[in-house]
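>>> Everything below, folded, please.
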Amino acid sequence: MPEQTNDKTNKNPLKGLFNYQWIVKNIPFFLFLSALTVLYIANGHRADKTIRKINSTNNELKELQFEYKTLKSEVMFKSEELQIVKATEPLGLKVSKEMPQRLQAEKKINN
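Below you'll find the model as predicted:
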């Protein structure tokens, strides 16, 4: 004998789950999930911004290191004796061929 089916027993189980009272009852939970979603997205944007800032700082550091090495090599080159002689010739300065003389301070005798 076939069983008689009742309209109430054949209802879709999900249909009763999403009724008005259930939605109203769970509004605080939905708001909580929404807040978590906003925080998650904001954290992702903040992390991306921080990574971009770190990368730009690294690039700036590399440029400054290159500039430092370039200037250091120029200073080392210009501080060589021959380069100093060449730079001072237009001013009329020449390397002395004489030995330097030592100056001695006179000792004061206190009475």
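
>>> quick one: the biggest helix by length in the chain to chain centroid distance?
Determined from DSSP state H, the single longest helix within the chain is helix 27-78. Centroid separation between helix 27-78 and its chain, computed with CA atoms, centre = their mean, to the nearest Å, is 4 Å.

>>> Now do it: which elements does it pack against?
helix 81-88 (3 or more CB pairs under 8 Å, 6 or more residues apart in numbering; DSSP states H and E). Every residue, glycine included, has its C-beta placed from N, CA and C.

>>> Give me the residues contacting the helix it packs on.
77-78, 94-95 (CB atoms under 8 Å, 6 or more residues apart in numbering).

>>> Try it again at 7 Å.
77, 95 (CB atoms under 7 Å, 6 or more residues apart in numbering).

>>> tilt between the longest helix of the chain and helix 81-88?
80 degrees (axes from the mean of the first three to the mean of the last three CA atoms, to 10 degrees).

>>> pLDDT averaged over helix 27-78 - what is it?
For helix 27-78, the mean per-residue pLDDT is 97.

>>> can you offset everything so residue one is 38?
Got it, first residue is 38 now, which makes that one helix 64-115.

>>> Just read off the phi/psi values of K144.
With angles defined as degrees, to the nearest 10, K144 sits at phi -80, psi 130.

>>> separation between it and T107?
Separation of K144 from T107 (CB to CB, to the nearest Å) stands at 51 Å.

>>> how close does the residue nearest the centre of the chain sit to E97?
In the chain, the residue lying closest to the centroid (CA atoms, centre = their mean) is I91, at 2.2 Å. Distance of I91 to E97, given as CB to CB: 11 Å.

>>> picking that back up, of K144 and T107, who's got more company?
For K144 versus T107, neighbours defined as other CB atoms under 10 Å are more numerous around T107 (10 against 6).

>>> who's in contact with the more buried one?
Contacts of T107 (CB under 7 Å, 6+ apart): none.

>>> That one and T94: what is the separation?
T107 is 20 Å from T94, by CB to CB.

>>> now do A124
38 Å.

>>> now swap in K123 and tell me
Taken as CB to CB, the span from K123 to T94 is 40 Å.
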